[in-house]
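**Q** Whatever this is, show me its structure:
(chains A, B, C and D)
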There are 2 protein chains.
Amino acid sequence: METINEQQIWNVYLRNCPCRDVLDLLANKWTALMMGALRTSPHRFGELRRAVEGISQKMLTQNLRTLERDGLVTRTVYPTTPPSVEYALTDMGREVSGYLVALSDWSQRNFSEITAARQDYDAKTEIQADGKAIPVAV
Amino acid sequence: METINEQQIWNVYLRNCPCRDVLDLLANKWTALMMGALRTSPHRFGELRRAVEGISQKMLTQNLRTLERDGLVTRTVYPTTPPSVEYALTDMGREVSGYLVALSDWSQRNFSEITAARQDYDAKTEIQADGKAIPVAV
DNA sequence: CGGGATCCGGTCGGATACTG
DNA sequence: CAGTATCCGACCGGATCCCG
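**A** Numbers count the residues shown, from 1 in each chain, chains lettered A, B, ... in the order given. Modelled structure (predicted):
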């Protein structure tokens, strides 16, 4: 006996599908980096902040709360002095983190090729702009 | 003979790594949906607009230009009357679109579980807030 | 250490109007 | 049909100050 394929209910391509909110949360630079860092191992707040360089305390807190609320991350408080708080992925979080690190890794691997594509594009559109090429030399 | 593992140069976790821009582009709700639609087949502008319900013409154009510039999407103009323009994925675009649809699909599949997690979280934090449960009934 | 609260500039993104 | 241009409100996200 199998569970009936219960869900093609939600469709992100539809205008008012509520599951777009989830995609919106996941498709976010900071979320991808945070989940990627947590995928390595659980992190304390400060560790996470250092792991994801440049993230502000506000964005870190905000996204952590949302991820916790959505059941992707757990928050455990150890009543030491000073208190320490550990964030870890849930099973659901671990699953989706795979897709997110895939995106990060891809960005790193393909950056040079993308940079090349940009230069090509910019060179061509500059020529088109006023009908003549712009000399690179001074 | 193998190509030397030429690239661990770029690291999205570092503060000023330029490849973060790429991640920023990809980790975007509209990008994910557009790439997902294009993955099925090439689309004309209007088709794409209808496929990704609710996207404004401005965002569609803007993201298409960026994706084209980054070499993830091609733009082909057929000089018919009225003119028709076709957008399609490049090889690089097709590759990354896989990761993006994985995110979309995951959002759809897990939406109900996430909703449940949210309700749990909200119920608990409401109780914590002022020390007593808030009755649901009117 | 792990946050909460607030101020504020910048950009995201929708709505509308116009073009070839 | 496939855009460009502009206005404008919303919120994203950083900086700063504060607390237990």
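**Q** tell me, how many neighbours does the closest residue in space to residue A:57 that isn't next to it in sequence end up with?
**A** Of all residues not flanking residue A:57 in the chain, residue A:49 sits nearest, at 6.8 Å (CB to CB, 6 or more residues apart in numbering or on different chains). Any C-beta I mention is one placed from the backbone N, CA and C, and that applies to glycine too. For residue A:49, the number of neighbouring residues by other CB atoms under 10 Å in any protein chain shown comes to 19.
**Q** Confirm that residue A:49 sits in a helix.
**A** Yes - counting by DSSP: H, G, I helix; E, B strand; the rest coil, residue A:49 falls inside a helix.
**Q** Quick one: low-confidence residue ranges for chain A.
**A** Residues of chain A that meet the criterion pLDDT under 70 lie in A:1-8, A:127-138.
**Q** Helices of that one, start to end?
**A** For chain A, the helices defined by DSSP state H occupy A:20-26, A:29-40, A:45-51, A:57-69, A:91-109, A:111-130.
**Q** Which one, of those helices, ends up nearest to DNA strand C?
**A** Of all the helices of chain A, helix A:45-51 sits nearest to DNA strand C, with 3.0 Å by CB to the nearest atom of the strand.
**Q** ok, the residue nearest to the spatial centre of chain A - contacts?
**A** What sits nearest the mean C-alpha location of chain A, by CA atoms, centre = their mean, is residue A:32, with 2.0 Å. The neighbourhood of residue A:32, defined by CB atoms under 8 Å, 6 or more residues apart in numbering or on different chains, consists of A:26, A:100, A:101, A:103, A:104, B:23, B:27.
**Q** still on that earlier bit, dump the helices of chain A into JSON lines; add distance to residue B:95 as well.
**A** Shown next, in JSON lines, are the helices of chain A (distance: least, CB to CB, whole Å):
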{"stretch": "helix A:20-26", "distance to residue B:95": "19"}
{"stretch": "helix A:29-40", "distance to residue B:95": "17"}
{"stretch": "helix A:45-51", "distance to residue B:95": "27"}
{"stretch": "helix A:57-69", "distance to residue B:95": "27"}
{"stretch": "helix A:91-109", "distance to residue B:95": "7"}
{"stretch": "helix A:111-130", "distance to residue B:95": "11"}
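**Q** Can you lay out those as TSV showing distance to DNA strand D?
**A** TSV is the format used below for these (distance: least, CB to the nearest atom of the strand, whole Å):
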stretch	distance to DNA strand D
helix A:20-26	8
helix A:29-40	6
helix A:45-51	11
helix A:57-69	4
helix A:91-109	15
helix A:111-130	10
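**Q** Good, wrapping up.
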